[in-house]
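In: everything below, folded, please.
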Amino acid sequence: MQIRYFLALSLLPQAVVADDVKTATVETSQCIVVPPVKAYVPQRETKHASDLQHIAITSNHSQAQLGKQAQFDGNVKFTQGKRHVSADNATLDQETEKLSANGNLVFQDQLLTVTADSLVARMRDNSATLTGAKYWLRGQQIHGNAEQLEITENNNLLLSGTSFTTCPSDTPAWQLEADSIKIDSTEEWGEIWDAKLKIAGVPVMYIPYMTIPVSDKRKTGFLFPTFSTSTTNGVEISTPYYWNIAPEFDLTFNPTYMSTRGLYTKTEFRYLSGEKQQGQLNFELLPDDKKLTNSPNRYLYHWEHSGSINKNWRVLANYTDVSDNNYFSDLNSDVLRATESQLSRVGEISYFEDNWDISAFVQDIKVLGEDEKPYQVMPQFNFNYHNPEHWNGFELGFMSEATHFEHQDKDYVTATRLHMEPSISYPIYGPAGSLTSEVKLLQTNYWQDNISSQSTSQLDSTVNRTLPQLRIHGQINFERLTNYFNSNYRQTLEPQFQYLYVGYEDQSNIGIYDTAQLQEDYNGLFRDRRFSGLDRIADANQLTLGLTTKLFNEGNREIFKFSLGQIIYFTNSRVGQQNVKGSNDTYLTNTSSSALAAELTAQLYSDWFISGAIQYDTKEHENKMSEVTLDYRSGTNKLLQASYRYVPDLLNTNNNTSVDIQQAGLRGAWPINDSLYLVGNWYYDLNEKRSVETYTGFQYEACCWAVRLSYHYRIKTNYIDENNPVNDTREQFESGVYLNFVIKGLGGSGPLGVSDMLDDGIFSYRKPIYLKN
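Out: Below you'll find the predicted structure:
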């Protein structure tokens with residue numbers, strides 16, 4: 001059982017690089033803090049420095065002596081630059097250039113609004129001191145009281161005997177009382193000394209010193225520590241530190257002490273390079289994990305970079321490595337989730353022009369928990385050309401790649417592959433449909449080395465494969481106006497066909513380097529390949545027939561879509577993924593058609609939606625794959641969803657056996673009122689007759705604070721690891737209770753939100769349909 005308590009009182013806002021996307025939140029009317037006086041609007045613009053020294057005073061009565069004091073009584077208005085003071089009476093000392101005011105006193109400028117008992121303004125240095133003050137920061141929810149409030153010549157605020165809150169009521173849910181507060185208007189940060197935090201009027205925390213933001217501006221400093229406890233990691237204490245190195249660099253260092261494992265440190269460095277490039281570096285380390293048998297060192301390092309050098313050049317890099325297969329399952333990494341099973345390492349540089357592009361690419365994939373390692377692409381060069389208007393409607397294309405495959409195991413075959421694919425096509429497009437005829441020549445050469453190292457391999461050192469391809473694809477669009485259930489609709493009927501011919505050549509003398517069988521859903525029926533990669537190009541002599549119908553309402557919004565299709569084979573395909581030289585080399589035997597593929601997306605009624613897909617073998621009368629989802633979505637954060645999926649013969653990579661996946665699930669999010677939300681999900685394995693994930697939680701969000709309590713129970717991903725082969729200490733299932741508490745205004749923590757609760761867990765929420773408008 002795992003229990004965690006998070007006190008989300010960040011002393012600094014979450015680290016953000018300058019170009020991070022900001023999320024806007026809408027405050028309800030009862031949450032908006034508004035000063036009790038009308039905002040002052042300057043009557044004249046301050047275009048020049050001299051305008052800031054211009055002083056205007058009006059009152060019902062006045063009495064003045066030249067060069068001495070001037071007395072103003074009744075509806076006194078004092079204006080200097082962007083500052084405005086109103087009071088019942090005021091005295092202006094012309095010798096010292098001081099203004100004293102009291103009685104219904106209101107002070108306003110571009111930073112704040114203040115009501116006070118009295119004011120002394122020093123016009124020489126543009127500063128002021130107010131006593132018995134109540135203040136409201138412009139554009140913020142922050143407001144409070146101060147025994148004395150001083151506005152310096154630099155427009156900074158110094159508050160003594162003060163308090164502040166972001167709650168709108170006179171009896172705030174939380175309030176921070178401090179001996180003194182300084183707010184720097186330039187840096188847009190506040191410093192607080194000798195403070196205590198009160199919740200519901202009860203002191204809960206003493207804070208000798210802290211800093212808070214009054215905007216989204218970043219600042220170096222400690223983030224508030226987090227505390228948690230669990231039976232897996234024991235007591236956890238984290239004290240993150242944020243370093244604002246420069247406008248284009250920042251770093252977050254987060255040491256976490258776990259009583260059962262040791263000291264776990266996480267470091268994240270982020271950077272901007274130029275105007276259009278960005279990246280980050282992560283390093284995580286847990287030395288001598290005391291929880292595991294042999295106390296190994298556990299670590300992660302990660303680098304990602306992306307962007308454009310100029311309008312033609314693009315770069316991309318992503319590299320991640322971990323010490324062991326169970327790293328993400330055991331530790332709360334900042335890089336990937338516990339459900340991740342692959343680490344992709346990619347590097348690419350590309351150059352684009354209007355009709356052609358070139359690129360260089362390297363790739364290595366680490367599969368967690370698998371003994372067999374994929375081939376590495378070291379490197380791949382691509383050149384692509386497309387001329388859409390070459391001659392009289394004909395289009396020319398040329399795709400080529402040169403790839404070298406390496407393997408970490410030196411006993412494996414290595415290979416270099418050169419592929420060239422010239423094409424010519426003639427497309428005809430119109431409102432009634434389209435017809436595209438295309439001819440390709442698929443020319444591939446292999447040079448395979450180290451083939452004698454594998455005794456079962458009967459590969460050839462050099463292979464020359466030339467295959468012709470002919471593809472004709474056509475579609476007709478029918479449309480009519482119709483009426484269903486007393487509503488008017490526009491219905492389309494879109495039959496389409498594709499004839500595909502690909503020549504045959506025995507390819508069992510070629511190794512499998514980057515090839516896998518593709519999914520045969522409805523869209524996959526109209527592909528010209530059955531395999532990804534180029535190691536296997538299946539021969540074909542087939543006709544694909546498909547039909548799609550759609551309904552659009554009077555607002556031209558798509559509310560129904562159904563597609564049905566199947567491939568008819570004129571001859572059996574003889575190329576398989578795992579065939580070897582000398583075998584029968586027949587992939588499809590006595591099969592005249594593919595599985596029947598169907599897809600449905602529809603808005604059943606008002607807030608009810610359904611989506612589903614099936615692949616059905618009409619000859620064997622077998623369900624090859626199916627899924628269905630029913631949604632009820634009546635508004636923001638109002639969701640009820642039921643789902644089912646069936647996938648037979650799924651390969652279990654741990655023991656190379658096939659398993660059937662048959663699961664049912666429920667998921668929901670619903671507001672009890674404007675502030676209280678309930679969220680939950682439940683997924684059940686029908687084959688194993690057990691729950692694989694349960695999540696339930698509630699969230700209460702007020703104007704200035706929020707709390708979330710949730711419980712989860714889910715199956716864990718535990719791999720056999722050569723660094724720690726003993727797995728009997730790992731739990732098969734993980735459960736936990738989590739408590740999050742947020743005080744808005746102490747560190748820029750915004751609303752908790754419901755969407756992230758829906759995304760939590762193994763099966764994150766996905767909208768069942770994406771109807772196109």
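In: and the strands in the stretch 651-773 of the chain?
Out: In the stretch 651-773 of the chain, the strands defined using DSSP state E, counting those that start in this stretch lie at 657-671, 676-685, 690-701, 705-715, 733-743.
In: which residues touch stretch 174-188?
Out: 111, 144, 146, 154-165, 167, 189-201, 207, 213-215, 217, 219, 704-705, 743, 746 (Cβ atoms under 8 Å, 6 or more residues apart in numbering). Yep, even glycine has a C-beta here, placed from its N, CA and C like the rest.
In: any idea which of the strands of the stretch 651-773 of the chain scores lowest on pLDDT?
Out: Among the strands of the stretch 651-773 of the chain, strand 733-743 carries the lowest mean pLDDT, at a mean of 73.
In: and the angle for it with strand 705-715?
Out: 170 degrees (axes from the mean of the first three to the mean of the last three Cα atoms, to 10 degrees).
In: quickly run through the sheet partners of strand 733-743, with directions.
Out: Paired strands of strand 733-743, with direction, are strand 2-8 (parallel), strand 705-715 (antiparallel) (DSSP bridges).
In: in the very next helix or strand once past the shortest one, which residues are buried?
Out: Going down the chain from strand 2-8, the next helix or strand is strand 55-58, by DSSP states H and E. Buried positions in strand 55-58, judged by neighbour count with 16 or more other Cβ atoms under 10 Å: residue 57.
In: can you give the contact residues for strand 55-58?
Out: Residues contacting strand 55-58 (Cβ under 8 Å, 6+ apart): 70, 72, 75, 76, 77, 78, 79, 80, 90, 92, 123.
In: let's see 7 Å
Out: 72, 77, 78, 79, 80, 92, 123 (Cβ atoms under 7 Å, 6 or more residues apart in numbering).
In: ok, stretch 501-517 next?
Out: 375, 405, 413, 415, 446, 448, 458-460, 463, 465, 467-470, 530-533, 535-541, 574-575, 577, 579-581, 583, 585.
In: cool, stretch 362-370 as well?
Out: 325, 341-347, 374, 376-379, 653-654, 719.
In: got it, and stretch 82-89?
Out: 40, 42, 46, 72-74, 76-78, 101-110, 119, 121.
In: are any of the residues you listed buried, and which?
Out: 40, 72-73, 76, 78, 101-102, 105-109, 119, 121.
In: just to revisit the earlier point, let's have the contacts of strand 55-58 in JSON lines, adding distance to residue 181 and secondary structure.
Out: Listed next are the contacts of strand 55-58 as JSON lines, based on distance: Cβ to Cβ, whole Å; DSSP: H, G, I helix; E, B strand; the rest coil:
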{"residue": "72", "distance to residue 181": "32", "secondary structure": "strand"}
{"residue": "77", "distance to residue 181": "29", "secondary structure": "strand"}
{"residue": "78", "distance to residue 181": "26", "secondary structure": "strand"}
{"residue": "79", "distance to residue 181": "27", "secondary structure": "strand"}
{"residue": "80", "distance to residue 181": "25", "secondary structure": "strand"}
{"residue": "92", "distance to residue 181": "30", "secondary structure": "strand"}
{"residue": "123", "distance to residue 181": "25", "secondary structure": "coil"}
